[in-house]
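Asker: 3D model of this:
(chains A and B)
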Amino acid sequence: MTEEQVLFASEGLTLYGVLHRAEADSPRPALVFCPPFAEERKCAHRIMVECARVLCPMGVDILRFDLRGCGDSEGEFGQATLTRWLSDLETAAHWLTEHAQPSALGLLGLRLGASLAAQYTEQHPEVRWLGLWEPVTDGSQDWRLSLRRQQIRQAITQDQGLEDSEAAPSHERGYDLDGYEVSEAMRREFAQLSLLHQPRVFRGPVWIAQISATAAPHRAHLALQQAYQQSGASCDLEVVVAEPFWSLLGLARAPELIAKTVGAACRTLL
Amino acid sequence: MAIPENLELEIKQLLVERLFLKMKPEDIGDEEPLMATYGIDSVALFELVVGLEEVYGITMEDDEFSLDLFQNIKSIANFVRSKWTARGG
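Answerer: Below is the predicted model of the structure:
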């Protein structure tokens, strides 16, 4: 297995990625990892790398990449929109298909990355496997929770007598989300994001992983599974009891999630 | 759906579950200061708020949020009761 840094262009911007190349015979399947954004991308980085390093030796090429304005990719975060990030995902999947010539292509995403991956498959139903880690199913609800998370953090910071550098939302400049400037265009697209109510072409297989403190499936995940199944898609939902590693700055571990993900991906792709 | 008689104990169970605390819910005192005793940070507090909203079907509005609500189990229970009363039980 090798890991190599790769660069590719998306609408004039250079995107950064890492290609995990398997040693199995060609042609072999390939998978694009779709990251979340902002702080969640940083916090989830380690788990996504670990997952790639467990899955790749099974014989799957994997491309991890940064959306524009995130990580090591070019671009201003404040100019990003969901449409542009979806375009970045298109470019990444196209790049991987050209370079790896895979026998089958799959996508795995976390949080907003999962939502982008789900949207991508509606344009590309030939995708062989879609893995969704804790997808954002309702953008407006997730936006509300993001603001709540920020409100809590600011309250705790002020309570401890620390100066908080982040200003209240300024709707003229955009929105300050944990120090990331989110444009009004992005907020509007986010508010309109709804995986439950979008037209469905993709027939799966879809694998949804709920990562939560309780073993009971959440209503939103059950509804998403039902929406896929009603459109004739094969869709499984698994619950992994674990901490929300995409919100934790420390050294998070998620061995059960990785094992289940590898199992689900290999069952379909290999 | 009526307000549970053992609301305080339910909230303790939710706290242990959502925050992955390694202790029995009944060992948490009703008036024990939660933030200091259990090292509750912003991530943990967020999980607790989301948990309360999910389990009790309430919504905490932006202008209602205050750290004082999360001082102890009793203050959280009082908040949940007030939300239930406001919406007519």
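
Asker: tell me which element the residue nearest the centre of chain B is part of?
Answerer: Nearest to the mean C-alpha position of chain B, by Cα atoms, centre = their mean, lies B:Ile76 at 4.4 Å. Per DSSP states H and E: B:Ile76 is located in helix B:73-86.

Asker: list the buried ones in the helix or strand where A:Glu238 lies?
Answerer: Using DSSP H and E, A:Glu238 falls within strand A:235-241. Residues A:235, A:237-240 are the ones in strand A:235-241 that count as buried (16 or more other Cβ atoms under 10 Å in any protein chain shown). Every C-beta, even on glycine, is put in place using the N, C-alpha and C of the backbone.

Asker: who does that strand pair up with?
Answerer: strand A:206-212 (parallel) (DSSP bridges).

Asker: got the contact list for B:Arg81?
Answerer: Residues counted as contacts of B:Arg81 (Cβ atoms under 8 Å, 6 or more residues apart in numbering or on different chains) are B:3, B:7.

Asker: how much space separates it from chain A?
Answerer: 21 Å (Cβ to the nearest Cβ, to the nearest Å).

Asker: so where's chain B shaky on pLDDT?
Answerer: Judged by pLDDT under 70, chain B has its weakly predicted residues at B:1, B:89.

Asker: what residues does it have near chain A?
Answerer: For chain B, the contact set with chain A under Cβ under 8 Å from any Cβ of the partner chain comprises B:17-20, B:41-43, B:45-47, B:49-51, B:54, B:60, B:62, B:65-67.

Asker: and those residues, which are buried?
Answerer: Using 16+ other Cβ under 10 Å, the buried ones in the residues of chain B next to chain A are B:17-19, B:42-43, B:45-47, B:49-51, B:54, B:60, B:65.

Asker: give me the buried positions along the helix holding B:Ile76.
Answerer: B:73, B:75-77, B:79-80, B:83-84.

Asker: can I get those in a markdown table including distance to A:Asp138?
Answerer: Listed next are these as a markdown table, based on distance: Cβ to Cβ, whole Å:
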| residue | distance to A:Asp138 |
| --- | --- |
| B:Ile73 | 31 |
| B:Ser75 | 30 |
| B:Ile76 | 26 |
| B:Ala77 | 29 |
| B:Phe79 | 25 |
| B:Val80 | 24 |
| B:Lys83 | 22 |
| B:Trp84 | 24 |
